[in-house]
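S.K.: below is the sequence, then the predicted model.
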Number of protein chains: 2
Amino acid sequence: MEQLLRVQNFTVSRDGFGAGENQSLERPFGHADPGDMFAWAGATASWPHRTDPGGGRGLDDYFTRDFDRNIGAEIMGRNKFSPHRGPWLDHEWLGWWGDEPPFRTPVFVLTHDERPSFTLSDTTFHFANADPAEVLERAREAADGKDVRLGGGATTIRRFLDADLVDTMHIAVSTVELGAGARLWESPDELRDRFHLDVVPSSSGVTHHLFWRR
Amino acid sequence: MEQLLRVQNFTVSRDGFGAGENQSLERPFGHADPGDMFAWAGATASWPHRTDPGGGRGLDDYFTRDFDRNIGAEIMGRNKFSPHRGPWLDHEWLGWWGDEPPFRTPVFVLTHDERPSFTLSDTTFHFANADPAEVLERAREAADGKDVRLGGGATTIRRFLDADLVDTMHIAVSTVELGAGARLWESPDELRDRFHLDVVPSSSGVTHHLFWRR
């Protein structure tokens, strides 16, 4: 059975940045305000972090509810996992997500600085000093027949796009302008030679971009 | 936990009909051509009846892949199950779907003419001479905490809308014109007083209409 590598619910600014500059412990998205960037997702009924029963069930909800469908593993970059750079001083940092990370699968963190795997609730984090093709092979094995989510950030998605390993990609383009940061693209049209593209404006203000291989 | 009643992937003509006139064994949709009506769904990777690995993974695929997500039972009208009218002459008719119906849950067929339940592969058909609220209660119990799909046809959906039992509804409006048949609506705007509505044109030509309760 085919195991896809899928980017889902990845949000970029109107000018193509997945996060701002100067990431820190207090500002995981640097100078970008995640409240603005992810307002579209936070307003949906199926947003994984939602604690109350409300939320919209329109177009945007089809994307948030698809987050975990047939996903058996995630791959993410070092900077999605942590604001630290360089060798780990200790192993106390366990990610941004508290005791119950929303992934609920094995997660492979791409990093030059490996450290021991650890488990929080249903999520196990592994650390891989490997190239994209190698880590994808490990993630596919761990996914047990299901698809693999490529979780970002923008730099990590670019590496997998450049290696031509991405099968489908959902990018929500927000109305926020960032000016600088981690760039996914100058324009989504750059990818049209390799991907079909559906461009779908939502009433929430974001424009969903859906890519799948030609 | 909330158990929704959801209409999904229900396709109507541009003029609001879910099927044509003169249903028969040879023409389950009457004078309507299901090949035209459902072309949008048949072209997607996740269409339940697909046998080859191809198909699009754009916007339309988010709807076909959502068909079975968190669904624990289906309710359908008599005419979706069978072209026969009136009392059953025998119990040989087992539906249009062959040995492996795509539902894979309990299915409740609304009919004045009850008959014994039967099972085909993962699907069990029950026959209920009941009003919408009663059959919904039975379906919710059978769904074991999951949502219930309201499978159509148009007349059955109208009955549940009139009883205000529908929580969410995905209607694909095709470009086909039918002129007569089983009518869902004169216009989707009729429902705006009770539902939010996202209207989403797809590159396949259909326009997805997504309703959720106000």
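M.R.: Alright, I've got the coordinates.
S.K.: and the least confident helix or strand in chain A by mean pLDDT, which residues are buried?
M.R.: Here the helix or strand of chain A ranked lowest by mean pLDDT, DSSP states H and E is helix A:34-37, holding a mean of 91. By neighbour count on 16 or more other CB atoms under 10 Å in any protein chain shown, the buried set for helix A:34-37 is A:Met37. Where C-beta positions appear, they are placed from N, C-alpha and C, glycine not excepted.
S.K.: who touches that helix?
M.R.: With CB atoms under 8 Å, 6 or more residues apart in numbering or on different chains as the test, helix A:34-37 has contacts from A:11, A:13, A:28-29, A:42, A:174, A:176.
S.K.: now the buried members of those residues.
M.R.: A:11, A:13, A:28-29, A:174, A:176.
S.K.: quick check: the farthest pair among those?
M.R.: Using CB to CB, the two most remote members of the buried ones among the contacts of helix A:34-37 are A:Pro28 and A:Ser174, lying 16.4 Å apart.
S.K.: on that earlier part again, output the contacts of helix A:34-37 as JSON lines; include the columns secondary structure and distance to B:Arg192.
M.R.: Below are the contacts of helix A:34-37 laid out as JSON lines (DSSP: H, G, I helix; E, B strand; the rest coil; distance: CB to CB, whole Å):
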{"residue": "A:Thr11", "secondary structure": "strand", "distance to B:Arg192": "29"}
{"residue": "A:Ser13", "secondary structure": "coil", "distance to B:Arg192": "33"}
{"residue": "A:Pro28", "secondary structure": "coil", "distance to B:Arg192": "39"}
{"residue": "A:Phe29", "secondary structure": "coil", "distance to B:Arg192": "36"}
{"residue": "A:Gly42", "secondary structure": "helix", "distance to B:Arg192": "25"}
{"residue": "A:Ser174", "secondary structure": "coil", "distance to B:Arg192": "27"}
{"residue": "A:Val176", "secondary structure": "coil", "distance to B:Arg192": "30"}
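S.K.: which of those residues sits closest to B:Leu197?
M.R.: Set against B:Leu197, the nearest of these by CB to CB is A:Gly42 (21.1 Å).
S.K.: what pLDDT is listed against the closest one?
M.R.: We have a pLDDT of 95 for A:Gly42.
S.K.: what sits against it?
M.R.: A:35, A:49-50.
S.K.: circling back: ok, which of the buried ones among the contacts of helix A:34-37 also contact chain B?
M.R.: Residues shared between the buried ones among the contacts of helix A:34-37 and the neighbourhood of chain B: none [CB under 8 Å from any CB of the partner chain].
S.K.: mind giving me a markdown table with those and columns for pLDDT?
M.R.: Listed next are those as a markdown table, based on pLDDT from 0 to 100:
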| residue | pLDDT |
| --- | --- |
| A:Thr11 | 97 |
| A:Ser13 | 97 |
| A:Pro28 | 91 |
| A:Phe29 | 93 |
| A:Ser174 | 97 |
| A:Val176 | 95 |
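S.K.: which residues touch A:Phe45?
M.R.: Careful, residue A:45 is Ala; it's not Phe. Taking CB under 8 Å, 6+ apart as the test, what A:Ala45 contacts is A:53-57, A:61, A:64-65.
S.K.: just the buried ones among the residues you listed, please.
M.R.: Using 16+ other CB under 10 Å as the threshold, A:55-57, A:61, A:64-65 are the buried ones among the contacts of A:Ala45.
S.K.: greatest separation within those residues: which pair is it?
M.R.: Using CB to CB, those span at most 11.2 Å, a distance reached by A:Gly56 and A:Arg65.
S.K.: so what sits against both of these two?
M.R.: Contact criterion CB under 8 Å, 6+ apart; residues shared by A:Gly56 and A:Arg65: A:44-45.
S.K.: pLDDT score for A:Met1?
M.R.: A:Met1 carries a pLDDT score of 64 in this model.
S.K.: ok, now how distant is the residue nearest the centre of chain A from chain B?
M.R.: When chain A is reduced to its mean C-alpha position, the nearest residue by CA atoms, centre = their mean turns out to be A:Gly151, at 2.5 Å. To chain B, A:Gly151 is 19 Å away according to CB to the nearest CB, to the nearest Å.
S.K.: so what's that residue up against?
M.R.: A:10, A:74-76, A:80, A:103, A:107.
S.K.: which member of those residues is positioned nearest chain B?
M.R.: Nearest to chain B, judged by CB to the nearest CB, of those is A:Phe10 at 15.4 Å.
S.K.: on the three-state scheme, that closest one is what?
M.R.: strand (DSSP: H, G, I helix; E, B strand; the rest coil).
S.K.: residues from chain A in reach of chain B?
M.R.: Counting by CB under 8 Å from any CB, the residues of chain A that sit close to chain B are A:2, A:53, A:56-59, A:61-63, A:65-66, A:69, A:167-168, A:196-198, A:200, A:202-203, A:208, A:210, A:212.
S.K.: buried subset of those residues as a ChimeraX selection?
M.R.: Applying 16+ other CB under 10 Å to the residues of chain A next to chain B, the buried members can be selected in ChimeraX as follows:
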select /A:56,57,58,59,61,62,63,65,66,69,167,168,196,197,198,200,202,203,208,210,212
